[in-house]
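Colleague: Got a predicted structure here, sequence first:
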Number of protein chains: 2
Amino acid sequence: MKTEIRLAGTGGQGVILASVILAEAAGVHEGRFVVQTQSYGPEARGGASRADLIIADEPILYPKCRKLDVLVCLSQLAAEKYLDDLKVRGTAVIDSFYVRECPREGAICVPMTETARAELGRELFTNIVMLGVLAQITRAVKLESLEKAVANRAPAKTLELNKKALALGWQLGMSRGSKG
Amino acid sequence: MKTEIRLAGTGGQGVILASVILAEAAGVHEGRFVVQTQSYGPEARGGASRADLIIADEPILYPKCRKLDVLVCLSQLAAEKYLDDLKVRGTAVIDSFYVRECPREGAICVPMTETARAELGRELFTNIVMLGVLAQITRAVKLESLEKAVANRAPAKTLELNKKALALGWQLGMSRGSKG
């Protein structure tokens, strides 16, 4: 059992922190094998940001994602650039605010940014909302493992809001659980 | 020009955050090619924590570190486990508080933890002190790029202390610049 996941967006949306949290949830709190990678190239200057994870039940020999099982896009650019890397039956989760035109049928459009703004008052929490959505839709990691990892990484000052963000994401994922 | 770096310690010492900051410094602020990886396996449960980076001037085809140019160890276990992965002429930077017995001649022992405690009042800043030391000793990344990346990743509340940690590390590196 191996799941290849990419989180992609723009610098400042927190996809890298989210991927570190997700990796800790699966690796530290579930004892699974995880490789989590960030690559920076010339495109990083343009503000594009992405992180890849492989979560597996046995050691991971090749640490690079090949065909994605799960792709989350928080920006239009990310959707345009990476949807081709998704498996035919892969799961695409798309932010309905920043991705106005989704170039793939069957993608799951979720109001992650809107939810962070409306329910938590700050777009900053979008990445944690995203983790809740992801966990619910893909079951790549347990909610309780994410809760522990969020508690470990979130600043004490915003811990309660981060917990709420995760729970809101989980709920959002439930209502959007079917593709299309 | 390619530099392979590993930061290793115990969970809670902040090596993963440090590696994300280092990757952003080189990748985003210097426009270089960077791959930054965390791997979790059964050993993560015991609290071991490590992150690898490759910083290069051209695209990185193989994303896994093979022989390290630079190894920073913040724990005895890390030193015992990883010093063999260092190139013969590689640079080992060792925390003089947590690594009581350094199994390699020529390693650079630096009081990173002690400095964080004594000068900043909290061991929490050891990872940022480490980045300053690393930048000074290895020149893998410019201090000003690290300053930008720290400013981007540090919580507003502790930004000044983090900046000070970086500067202290840089100074520490100067006085320990020669191996042995």
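Modeller: Received the coordinates, thanks.
Colleague: How is A:Cys109 assigned, secondary-structure-wise?
Modeller: Of the three states, A:Cys109 takes strand under DSSP: H, G, I helix; E, B strand; the rest coil.
Colleague: Let me know the pLDDT of the residue lying closest to it once chain neighbours are set aside.
Modeller: Closest residue in space to A:Cys109, ignoring its immediate chain neighbours: A:Ser96 at 4.4 Å, by CB to CB, 6 or more residues apart in numbering or on different chains. Glycine gets a C-beta too; all of them are placed from N, C-alpha and C. Here, the pLDDT recorded for A:Ser96 equals 95.
Colleague: show me what contacts A:Ser96?
Modeller: A:Cys109, A:Val110, A:Pro111, A:Met112, A:Thr113, A:Glu114 (CB atoms under 8 Å, 6 or more residues apart in numbering or on different chains).
Colleague: other SSEs contacting the one helix or strand A:Thr126 maps to?
Modeller: Using DSSP states H and E, A:Thr126 falls within helix A:126-138. Other elements packing on helix A:126-138 under the criterion 3 or more CB pairs under 8 Å, 6 or more residues apart in numbering or on different chains; DSSP states H and E are strand A:2-10, helix A:15-27, strand A:68-73, strand A:86-95, helix A:112-120, helix A:143-153, helix A:159-175.
Colleague: can you put those in CSV and add mean neighbour count and distance to chain B?
Modeller: Below are the helices and strands packed on helix A:126-138 laid out as CSV (neighbours: other CB atoms under 10 Å in any protein chain shown; distance: least, CB to the nearest CB, whole Å):
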stretch, mean neighbour count, distance to chain B
strand A:2-10, 23, 12
helix A:15-27, 26, 2
strand A:68-73, 25, 16
strand A:86-95, 19, 20
helix A:112-120, 20, 17
helix A:143-153, 18, 9
helix A:159-175, 19, 12
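Colleague: how about the ones you listed in a markdown table, adding distance to B:Lys148?
Modeller: Output for the helices and strands packed on helix A:126-138, formatted as a markdown table (distance: least, CB to CB, whole Å):
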| stretch | distance to B:Lys148 |
| --- | --- |
| strand A:2-10 | 17 |
| helix A:15-27 | 15 |
| strand A:68-73 | 26 |
| strand A:86-95 | 27 |
| helix A:112-120 | 26 |
| helix A:143-153 | 22 |
| helix A:159-175 | 25 |
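Colleague: thinking again about what came up before, looking only at pLDDT, what's the mean for the helix holding A:Thr126?
Modeller: 97.
Colleague: The residue nearest to A:Cys109 and A:Leu83: what is the separation?
Modeller: 15 Å (CB to CB, to the nearest Å).
Colleague: returning to what we had before: could you say which one of the helices and strands packed on helix A:126-138 comes nearest to B:Glu123?
Modeller: helix A:143-153 (16.4 Å; CB to CB).
Colleague: model confidence over stretch A:26-36, on average?
Modeller: 95.
Colleague: Please save the CA atoms from that stretch in CSV.
Modeller: What follows is stretch A:26-36, C-alpha atoms only, in CSV (Å, rounded to 0.1, in the frame of the first residue of the first chain):
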residue,chain,number,x,y,z
ALA,A,26,1.8,9.4,9.2
GLY,A,27,5.5,8.8,10.0
VAL,A,28,5.7,9.6,13.7
HIS,A,29,2.2,9.0,14.9
GLU,A,30,1.3,6.0,12.7
GLY,A,31,4.8,4.6,12.4
ARG,A,32,4.5,4.3,8.6
PHE,A,33,7.3,4.9,6.1
VAL,A,34,7.2,8.4,4.7
VAL,A,35,9.3,10.5,2.4
GLN,A,36,8.5,14.1,2.2
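Colleague: For that stretch, which outside residues touch it?
Modeller: A:19-20, A:22-23, A:51-60, A:63, A:140-142, A:144-145, A:148-149, B:11, B:37-42, B:44-45.
Colleague: Now that we have the residues you listed, which of them are buried?
Modeller: Neighbour-count burial (16 or more other CB atoms under 10 Å in any protein chain shown) applied to these gives A:19-20, A:22-23, A:51-56, A:60, A:63, A:140-141, A:145, A:148-149, B:11, B:37-41, B:44.
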